[in-house]
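**Student:** need a 3D model of the sequence below.
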Amino acid sequence: MHPRTYHEFERICTERNVGGSVLELGAVPNPNSLLCMKSLKDATEKIGVNINGPQEYRDFMILKGNANHLEFDDNRFDLVLCNGMLEHDKYFWKSLEEMKRVTKPGGLVVIGTPGYVYFGIERMKSILGKIPLLRKLKTNQYMNMFFTATITYQIHNSPGDYYRFSMQTFRELFFDDMEDVEICTIALPPRIVGVGRKKMNTINSA
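**Tutor:** The predicted structure follows:
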């Protein structure tokens, strides 16, 4: 995990004073696990889920499971964490539904993924595209590919790598039915990290 990403999760959890029961999807048995964050020192329970479980590390257990079908009751956790997993999940929307289902009303969901955003380099390309000579070159299909491309994280099969997400995806899909939403872009290539609170009047259909 990129240190900047870890720091952003730590910042979010510290500022929102998290505690209670915590679940991490895609947890790993090493210091990169979000369950090792200092901000979770007052958590009463820490559980991880990974398709490669079960494993035990420090003060938490990683259970074998699939995030598309979590074997937990509704409204089970105060905090659900997920970083660098949804891009590897063929059916990520099922995992999103499960994350929200097992989160208590008033609880937090924090998600991080590689993404693509409009960075300074894209603005620079926009400026360069106004120069007459370069504007003419943009008619060339290869130069046009340069001017319309954006930066994202490399393919990293684990076991597959299927998606990249935008800020709009986070706003309108990941957290569309949540409140107190905060989304930011960090690092280069970009990672997007967002947090939302499950509404108190949410009723699960399951």
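
**Student:** CA only for contacts and neighbour counts going forward, please
**Tutor:** Fine.

**Student:** sheet partners, orientation included, of the longest strand seen in the chain?
**Tutor:** Using DSSP state E, we find that the single longest strand of the chain is strand 103-114. When pairing is defined by DSSP bridges, strand 103-114 lines up against strand 77-83 (parallel), strand 191-198 (antiparallel).

**Student:** quick one: average pLDDT of the first one?
**Tutor:** The average pLDDT within strand 77-83 is 98.

**Student:** list the contacts for residue 197?
**Tutor:** Contacts for residue 197 were tallied using CA atoms under 8 Å, 6 or more residues apart in numbering; they are 105, 106, 107, 108, 109, 178, 179, 180, 181.

**Student:** can you flag the buried ones in these?
**Tutor:** 105, 106, 107, 108, 109, 178, 181 (16 or more other CA atoms under 10 Å).

**Student:** in this model residue 196 seems to touch the second one, though I could be wrong.
**Tutor:** No. With contact taken as CA atoms under 8 Å, residue 106 and residue 196 are classed as non-touching, separated by 9.5 Å.

**Student:** neighbouring contacts of the longest strand of the chain?
**Tutor:** For strand 103-114, the external contacting residues (CA under 8 Å, 6+ apart) are 5, 9, 74-87, 99-100, 152-153, 164-165, 189-202.

**Student:** where do the strands sit along this protein?
**Tutor:** Taking DSSP E, the strands of the chain run over residues 20-25, 43-50, 55-57, 60-64, 77-83, 103-114, 178-186, 191-198.

**Student:** the first one: partners in the sheet, and parallel or antiparallel?
**Tutor:** In its sheet, strand 20-25 lies beside strand 43-50 (parallel), strand 77-83 (parallel), with partners assigned from DSSP bridges.

**Student:** so what's the residue nearest to residue 192 when sequence neighbours are not counted up against?
**Tutor:** Spatial nearest neighbour of residue 192, excluding adjacent residues (CA to CA, 6 or more residues apart in numbering): residue 185 at 4.5 Å. For residue 185, the contacting residues are 117, 191, 192, 193, taking CA under 8 Å, 6+ apart as the criterion.

**Student:** what's the answer for residue 73, then?
**Tutor:** Counting by CA under 8 Å, 6+ apart, residue 73 touches residue 102.

**Student:** now it: how far from residue 99?
**Tutor:** According to CA to CA, to the nearest Å, residue 73 and residue 99 sit 11 Å apart.

**Student:** follow-up on the earlier one: nearest to residue 17, out of the strands paired with strand 103-114?
**Tutor:** strand 77-83 (10.8 Å; CA to CA).

**Student:** report the buried residues of stretch 183-196.
**Tutor:** Neighbour counts using 16+ other CA under 10 Å place 183, 185, 189, 190, 191, 192, 193, 194, 195, 196 of stretch 183-196 among the buried residues.
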